[in-house]
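In: When you get a sec, could you give me coordinates for this:
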Amino acid sequence: MKKSFVATLLLSASFLFAAEQNARDIMVKVKNRPDGDTRSSSMEMKLVNKNGGTRVRKITSFAMDVGEDTKTIMFFQYPNDVKGTGFLTVNYDDVNKEDDKWLYLPALKKTRRISGKSSKTDYFMGSDFTYDDIGKRNVDEDSHKLVREESANGFDYYVIESTPKKEGEIFSKKLVWIRKDCDVVEKVEFYDKLGKLHRKMISSDIKKVDGFWTIGKMVMENVQTGHSTELLFLDPKFNVQLDSKIFTVNKLERGL
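Out: The predicted structure is shown next:
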């Protein structure tokens, strides 16, 4: 009887380990989905308050992969009160190395370095995306579990639960819906420390551009405040000619 109990425990542990490994493998596939060595895009950011009032911002963005790391820089072009604002990120593949993030505010003529905790809990430019959301979160910052597989809207999905390994995150867990046919994250639900739904992100207009699967629209809604942010990715381009020197604080401060 004792041997049977121990065997059952070992079998259960092996099953859980396999499920976690499978979930991590799926998340790695999402991270490594081909998107070219360089990218550029025009973006429109729409901020919508709970009463339906909107503010629109226009952004130009560039990105470059350097080995397994990724550098991204974006410049706000419109309206005038944010024009010239820039954001530079260097996302490191090494989970033990903290990503670098800088925000340039032209009104203050000052560049602010976004620290680790702030990047995970502060919201980017009044939007519903944190600084961490704007960057690329390392797969191994979270533990992953395959909750189920399901079909909806003519597509098949993996549903994965991801739980932060360290304290200081804005969420206690998130549920991620990944389309099996293209390894694109279509939906994410973020839960707060009390286990209540906090934010919900939906991706749409998912299609191939220049042979790469691309998201055309992304909406992040804070279900607790009623505020939401819509991002439109306009004219995305891949494997464009970019000078690596644009991904510097000096260029961030000089602007386009």
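
In: Would you indicate which residues of stretch 68-77 are buried?
Out: By 16 or more other Cβ atoms under 10 Å, the buried positions in stretch 68-77 come out as 69, 70, 71, 72, 73, 74, 75, 76, 77. For the C-beta atoms, the positions are set from N, CA and C on the backbone; glycine is no exception.

In: Using a markdown table, lay out these together with secondary structure and distance to residue 148.
Out: Formatted as a markdown table, the buried residues of stretch 68-77 follow (DSSP: H, G, I helix; E, B strand; the rest coil; distance: Cβ to Cβ, whole Å):
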| residue | secondary structure | distance to residue 148 |
| --- | --- | --- |
| 69 | strand | 33 |
| 70 | strand | 31 |
| 71 | strand | 36 |
| 72 | strand | 33 |
| 73 | strand | 38 |
| 74 | strand | 36 |
| 75 | strand | 41 |
| 76 | strand | 40 |
| 77 | strand | 42 |
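
In: Closest one of these to residue 37?
Out: Minimum distance to residue 37 across the buried residues of stretch 68-77 is 10.2 Å, recorded for residue 70 (Cβ to Cβ).

In: one step back: any chance of the buried residues of stretch 68-77 in JSON lines with distance to residue 38 as columns?
Out: Output for the buried residues of stretch 68-77, formatted as JSON lines (distance: Cβ to Cβ, whole Å):
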{"residue": "69", "distance to residue 38": "13"}
{"residue": "70", "distance to residue 38": "10"}
{"residue": "71", "distance to residue 38": "10"}
{"residue": "72", "distance to residue 38": "11"}
{"residue": "73", "distance to residue 38": "12"}
{"residue": "74", "distance to residue 38": "14"}
{"residue": "75", "distance to residue 38": "16"}
{"residue": "76", "distance to residue 38": "21"}
{"residue": "77", "distance to residue 38": "20"}
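
In: Next up, the contacts around residue 208.
Out: For residue 208, the contacting residues are residue 214, by Cβ atoms under 8 Å, 6 or more residues apart in numbering.

In: same deal with the one 5 residues further on?
Out: With contact taken as Cβ under 8 Å, 6+ apart, residue 213 is in contact with 33, 35, 182, 183, 184, 206, 207.

In: With the flanking residues excluded, which residue is spatially nearest to the second one?
Out: Excluding the flanking residues, the one nearest residue 35 by Cβ to Cβ, 6 or more residues apart in numbering is residue 212, at 5.3 Å.
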